[in-house]
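*Asks:* Sequence and computational prediction follow.
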Amino acid sequence: MNPKTHSLAAALIAGLPLAAGATTGPAISGLVATADDAETAAKNPAGLTRLDRAEWVGGVRVFYADSESDTTLDGGPSLSDDSSTTLFIPAVYYARPLNEDITLGISLTVPSGLGSDPGNETAGRYLLDKWSLGYVSLAPAVGYRVNEKFSVGATVNFNYAVYDYETAVFNGIGEPDGTMKLSASDFGIGFQLGLLYEFTPTTRIGLNYRSSSTSDFSDTPELSGLTPEREAGLEDGIRSKKFKLESKFPQALVAGVYHQFPDGKSATVDVAWIDFSQYGLTSAAVGDTSIEVQDKKYDDIWAVSAGFNWPLDEQWTMRVGAAYASAGIDDQNRSFAFRLDRVVGAGVGAQYQWDKDRLLGVNLTYYDLGDGRVDEEIPLVGTLSSEYSSNYALGLDFSIRWLR
């Protein structure tokens, strides 16, 4: 019965690090001021000016999420179930200095992997049976060094989104369910603006603004498996009517500081504000005589991450990190389609200097995803309530940096 909502993916994509990739430190630390590889094209384009030669960065982020929830319908007996899911998020980055002042970069990422699948046994299937929202983003960037201490940068994000949505249709007590499907895609454009100020070669601050980006999905629902009675109730224009579903990445502002100590150790702190109250993720359910499109209310997210790196020798560097992000949605507004709660993370990592031109990295982070309490009305069925008794995820990052 457990709605297998990818709460972690939602938190990471809609929250802190839309642009954070595999070379970011454990627990998404070292976002906007580290500026030491090609991934800064996506995290803070102003940091590109710190690179002195062309390079590639490639990686994959793997999430394993596991949860167990207790669910009731109209205050009836509680049923428990557990589920797990795995997400793979690849990314590639390239940067190349044109001269001492201008550096170009580009990134190809999959910044979202949202989705859920409650399964076909829970009453939540009448709100959604399964859905997925996938993005691919191509983002060229440029960094410009104004003087020895100050750099600016800009990125244009070309986003292609695909949205698939499916719900069960209640045909009546004792009748098998019908199905409603919606499927659409859309293209959107956003941008980022970055600043980097270097007080000294070992101390710097960064600031990155990411604009909002909206994807509007319009599709005629595909209805199947309905009883004649349900057909009669829904046939008044439903089969030919287009319904609009919307998803919006919110604007965000991230500020960070980097400092390297005389012994080679370094530390980072990043703070983010995400305009999550403007986030949009609509869903649809089949009511008595119509299809009801539902919008939810969200809250702004505040997040912080911190990291610490220390070299063991000329080849090995160890890393630790921690992060916190607020929930972004109150209990009374949470839905089965989107059970995002607060996120607390902590992790460790390492970087290995393979040879003079190649570096390998790995991070392992544990995320506590909260209890995800939700109470939601299901048309013609009743109120479904659920709460996670266990809800966590593991994030494993692999990366390679290749200097040219």
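*Replies:* Looks like it arrived, so ask away.

*Asks:* Kindly state the pLDDT recorded for Val92?
*Replies:* Looking at Val92, its pLDDT is 94.

*Asks:* Assumed it was part of a strand.
*Replies:* Yes: judged by DSSP: H, G, I helix; E, B strand; the rest coil, Val92 forms part of a strand.

*Asks:* Nearest residue to it in space, please, no chain neighbours.
*Replies:* Gly58 (4.7 Å; CB to CB, 6 or more residues apart in numbering). Every C-beta, even on glycine, is put in place using the N, C-alpha and C of the backbone.

*Asks:* Tell me who's in contact with the one you found.
*Replies:* Counting by CB atoms under 8 Å, 6 or more residues apart in numbering, Gly58 touches Ala22, Pro90, Ala91, Val92, Tyr93, Ser399, Ile400, Trp402.

*Asks:* any idea whether it is helix, strand or coil?
*Replies:* Gly58 - assigned by three-state DSSP - is strand.

*Asks:* ok, so what distance separates it from Leu73?
*Replies:* 47 Å (CB to CB, to the nearest Å).

*Asks:* Check which element follows the one helix or strand Gly349 maps to along the chain.
*Replies:* With elements taken from DSSP states H and E, the one containing Gly349 is strand 343-355. For strand 343-355, the following helix or strand on the C-terminal side (DSSP H and E) is strand 358-368.

*Asks:* Please name every helix or strand in contact with that next one.
*Replies:* Judged by 3 or more CB pairs under 8 Å, 6 or more residues apart in numbering; DSSP states H and E, strand 358-368 is in contact with strand 316-325, strand 343-355, strand 382-403.

*Asks:* Considering those, which stretch scores lowest in mean pLDDT?
*Replies:* Across the helices and strands packed on strand 358-368, the lowest-scoring stretch is strand 382-403, with a mean of 87.

*Asks:* Compute the inter-axis angle for that one and strand 358-368.
*Replies:* Strand 382-403 and strand 358-368 are oriented at 160 degrees to each other (axes from the mean of the first three to the mean of the last three CA atoms, to 10 degrees).

*Asks:* What pairs with strand 382-403, parallel or antiparallel?
*Replies:* If you go by DSSP bridges, strand 382-403 pairs up with strand 55-73 (antiparallel), strand 358-368 (antiparallel), strand 374-378 (antiparallel).

*Asks:* between it and strand 343-355, how big is the angle?
*Replies:* Using the same axes, to 10 degrees: strand 382-403 against strand 343-355 is 20 degrees.

*Asks:* Pull out the buried positions in strand 382-403.
*Replies:* Buried residues in strand 382-403, counted by 16 or more other CB atoms under 10 Å: 384-388, 391-397, 399, 401, 403.

*Asks:* can you check stretch 168-184 too?
*Replies:* Here stretch 168-184 shows Ala168, Val169, Phe170, Asn171, Gly178, Thr179, Met180, Leu182, Ala184 as buried, counting by 16+ other CB under 10 Å.

*Asks:* Start and end of that stretch, how far apart?
*Replies:* 19 Å (CA to CA, to the nearest Å).

*Asks:* Looking at that stretch now, give me its mean pLDDT.
*Replies:* For stretch 168-184, the mean confidence score works out to 76.

*Asks:* now swap in stretch 209-223 and tell me
*Replies:* 78.

*Asks:* centre of the chain versus it, how much separation?
*Replies:* 16 Å (CA atoms, centre = their mean, to the nearest Å).

*Asks:* Check stretch 193-209 too.
*Replies:* 25 Å.

*Asks:* gap between the two ends of it?
*Replies:* 5 Å.

*Asks:* in it, what counts as buried?
*Replies:* Quick answer for stretch 193-209 (16+ other CB under 10 Å): Leu193, Gly194, Leu195, Leu196, Glu198, Arg204, Ile205, Gly206, Leu207, Asn208.

*Asks:* got a list of what the fifth one touches?
*Replies:* By that I understand Glu198. Glu148, Lys149, Phe150, Ser151, Arg204.

*Asks:* Tell me who's in contact with the first one.
*Replies:* If I follow you right, that is Glu148. Glu148 neighbours (CB under 8 Å, 6+ apart): Glu198.

*Asks:* Check the second one too.
*Replies:* Residues in contact with Lys149, defined by CB under 8 Å, 6+ apart, are Tyr197, Glu198, Phe199.

*Asks:* again, 6 Å this time
*Replies:* Listed by CB atoms under 6 Å, 6 or more residues apart in numbering, the contact set of Lys149 reads Tyr197, Glu198.

*Asks:* Now do the same for it: its pLDDT.
*Replies:* For Lys149, the predicted pLDDT is 97.

*Asks:* thinking again about what came up before, who does the strand holding Gly349 pair with, and is each partner parallel or antiparallel?
*Replies:* By DSSP bridges, strand 343-355 pairs with strand 316-325 (antiparallel), strand 358-368 (antiparallel).
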